[in-house]
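S.K.: Let's see this in three dimensions:
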Amino acid sequence: MKQHFPGSRPFHMDEGYSGPLRSVPYFEGWYLRQVTADKSRSLAVIVGLSLAPDPHAFIQLLSGPEGRVLKVRYSLDNLIARRDRFEVTLGKNRFSPEGLVLNIDDDGQSVSGSLEYTGRIRYPSSVPSPGIMGPFSWVPFMECIHGLIAMDHRVSGSIIWNGEKTDFSDGRGYMEKDRGRSMPKQWIWIQTNQFKQPGDSLMLSVARIPWLGSSFTGHLGFLRFNGCLQRFGTYAGSKISGSSSDSGLELQVMVKRWILKLIMEMKGSGGSLDAPVQGAMSREIIESPRSSVRAILRENGILLWEGSAEPAAVEVTGNPMKLLNSG
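M.R.: You can find the predicted model right below:
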């Protein structure tokens with residue numbers, strides 16, 4: 001398989017193919033989400049590979065607001081993924097920071113079209129903190145490494161799914177990736193860049209992290225507002241708390257003199273996606289593509305910024321209160 005992964009591994013670890021440090025089991029996947037200009041429709045695209053007893057590559061699609069899902073398997077022989085940048089070709093489909101091309105005809109499902117991405121806003125990277133996970137990005141035994149490719153970018157083009165055309169011109173997009181052995185057993189994840197001001201964006205991930213025979217609840221994320229970036233994470237000393245209801249979650253992130261309050265409402269039943277366990281895509285998780293979030297940022301108790309966004313993508317696996325109240 002070596003010929004399918006050209007280029008050397010770059011300093012910036014959030015983008016290109018990384019590959020297993022030692023041996024299988026292993027997975028790696030890229031997540032690309034786009035929302036139309038009128039915010040009425042969304043499309044999440046996941047492309048990746050599973051190196052387990054049943055090795056294969058895959059594409060998963062999730063459209064909103066209805067939560068329609070398509071999952072397609074490919075032989076690894078059809079995969080070309082660069083190490084020095086995010087550039088993945090799988091069959092007749094192509095993915096990069098500049099856009100994507102979909103050409104799928106599988107089991108009566110047809111998806112085709114192309115999207116162009118411009119104006120990408122990248123997450124800051126440095127040697128001690130080479131991505132959204134900060135120094136944890138360097139830890140070789142982490143169960144899962146989370147990367148961020150684009151906090152926000154402009155989208156143009158269209159996608160046709162079973163004859164239904166969705167125009168994404170003047171829409172907004174987001175890109176991230178994950179790699180490792182397994183996704184966490186429990187997590188909360190939210191992402192949106194559908195605030196009133198283009199370029200304002202939010203991502204928060206809370207998960208139970210295995211660590212040296214034990215585990216802890218860790219979190220990471222960012223809020224970009226008015227051209228400013230507020231980063232937060234367990235490694236940076238921020239704290240998180242929350243409460244839940246039948247319809248959603250209320251989270252509070254405290255970092256230094258700032259407090260970020262998030263009020264999330266999960267709408268609809270969501271779509272079922274496959275997630276990795278020991279490299280195998282054997283776990284079902286639900287992503288809601290049409291949730292909403294209200295964000296309130298205060299500095300020293302004074303309102304600094306607030307905004308509402310819909311649609312937001314939300315995933316909640318396991319008991320959120322058990323996750324938030326664990327040490």
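S.K.: mind listing the strands for the stretch 151-300 of the chain?
M.R.: 164-167, 171-180, 187-192, 201-211, 214-225, 228-233, 239-244, 248-255, 258-265, 271-277, 280-299 (DSSP state E, counting those that start in this stretch).
S.K.: avg pLDDT for stretch 275-293?
M.R.: Mean pLDDT, stretch 275-293: 96.
S.K.: May I see the buried residues of that stretch?
M.R.: Residues of stretch 275-293 classed as buried by neighbour count (16 or more other CB atoms under 10 Å): 275-281, 285, 287-293. From N, CA and C alone the C-beta is placed, and that goes for glycine too.
S.K.: Need the residues that contact stretch 110-124.
M.R.: By CB atoms under 8 Å, 6 or more residues apart in numbering, the residues outside stretch 110-124 that reach it are 14, 34, 61, 70, 97-104, 131-132, 148-163, 165, 168, 173, 199, 201, 222, 224, 229.
S.K.: so whichever strand or helix holds residue 315 versus strand 171-180, what angle?
M.R.: According to DSSP states H and E, residue 315 maps onto strand 302-317. Counting by axes from the mean of the first three to the mean of the last three CA atoms, to 10 degrees, strand 302-317 lies at 60 degrees to strand 171-180.
S.K.: Only the C-alpha atoms, please, for strand 302-317, written as CSV.
M.R.: Extracted C-alpha coordinates of strand 302-317, given in CSV (Å, rounded to 0.1, in the frame of the first residue of the first chain):
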residue,chain,number,x,y,z
ILE,A,302,-19.2,41.7,31.1
LEU,A,303,-20.9,40.6,27.8
LEU,A,304,-18.3,40.5,25.1
TRP,A,305,-20.2,38.7,22.3
GLU,A,306,-23.3,36.6,21.7
GLY,A,307,-24.8,34.9,18.7
SER,A,308,-27.2,32.3,17.6
ALA,A,309,-26.6,29.7,14.8
GLU,A,310,-28.8,27.2,13.0
PRO,A,311,-28.2,24.7,11.7
ALA,A,312,-25.5,23.2,13.9
ALA,A,313,-24.2,19.7,13.8
VAL,A,314,-24.4,17.9,17.1
GLU,A,315,-23.4,14.4,18.3
VAL,A,316,-24.1,13.1,21.8
THR,A,317,-23.0,9.5,22.6
